[in-house]
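Visitor: Below are the sequence and a predicted model; questions follow.
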Amino acid sequence: MQAKDILIDGFGRIQEEVHAALDGLGPDELHSRPAPDANSVAWLVWHLTRVQDDHVAGAFGLGQVWLDQGWDKRFGLDLPRHDTGYGHGPAEVAKVRVDSADLLTGYYDAVHEQTLGALRALAAKDLERVVDERWDPPVTLGVRLVSVLSDDLQHVGQAAYLRGLVQSAAA
């Protein structure tokens, strides 16, 4: 197994978990927040997808799916076009509203396809390429991809947990 195969498998698991976290949720469940300053399932999935889109596109010199495929217009959020959700407070979280989970899974799937395309073309030596010199030590492609995997897994886990809370409260 090559390193790119491990990364492809990891991102595939995120896709499975995103679909599982969103499956069958309606607008009320997607936007439910257990406390005023908590995140919603919709925000968590939107944010993890935006981060993956932003970071993978940047690392591979690609355009963001959010902008290039018009997902920013489909969502129509009252947020800056390049916003990824970093640093959002309760007011910004409340602005991430969708009519159905299909919009979130559609956007995630489009980002996933771009991610897989980039990963399939990887050679092992590519993982050593520096993609961000703002850090000490500078961030390599391999480190950036593992960072995105970690961030996505944390957020999709939070979304799954919140889904359980929301569904338990409704039962």
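Guide: Now that the structure is in, tell me what you want to look at. Everything numeric here is computed off the predicted structure, so don't read it as measured data.
Visitor: what's the spacing between the closest residue in space to residue 169 that isn't next to it in sequence and residue 148?
Guide: Closest residue to residue 169 apart from its sequence neighbours, by Cβ to Cβ, 6 or more residues apart in numbering: residue 32 at 7.9 Å. For the C-beta atoms, the positions are set from N, CA and C on the backbone; glycine is no exception. For residue 32, the distance to residue 148 equals 27 Å [Cβ to Cβ, to the nearest Å].
Visitor: Looking at those two, which one has more neighbours?
Guide: Ranked by neighbour count (other Cβ atoms under 10 Å), residue 32 and residue 148 place residue 148 first, with 23 against 19.
Visitor: Make sure that one is indeed in a strand.
Guide: No. In this structure, residue 148 is helix, not part of a strand, as judged by DSSP: H, G, I helix; E, B strand; the rest coil.
Visitor: and it, how far is that from residue 27?
Guide: 28 Å.
Visitor: Helix or strand, whichever it is, which one in the protein has the lowest mean pLDDT?
Guide: Across the helices and strands of the chain, mean confidence by mean pLDDT, DSSP states H and E is lowest for strand 130-132: a mean of 92.
Visitor: Show me what it is in contact with.
Guide: With contact meaning Cβ atoms under 8 Å, 6 or more residues apart in numbering, strand 130-132 is reached by 58-59, 138-141, 144.
Visitor: Next: stretch 36-44.
Guide: 21-22, 25, 29-33, 47, 85, 88-90, 93, 96-98, 104, 155-156, 158-159, 162-163, 166.
Visitor: Need the buried ones from these selected in PyMOL.
Guide: Buried members of those, defined by 16 or more other Cβ atoms under 10 Å, are picked up in PyMOL with:
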select buried, resi 21+22+25+29+30+31+32+33+47+85+88+93+96+97+98+104+155+156+158+159+162+163+166
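Visitor: State the number of residues packed around residue 170.
Guide: Neighbourhood size, residue 170 [other Cβ under 10 Å]: 9.
Visitor: That one is in contact with residue 25, isn't it?
Guide: No. At 10.6 Å, residue 170 does not count as touching residue 25 under the criterion of Cβ atoms under 8 Å.
Visitor: in the chain, which spans are helices?
Guide: Taking DSSP state H as the criterion, the chain carries its helices at 3-22, 27-31, 41-60, 65-68, 71-75, 90-94, 101-120, 141-170.
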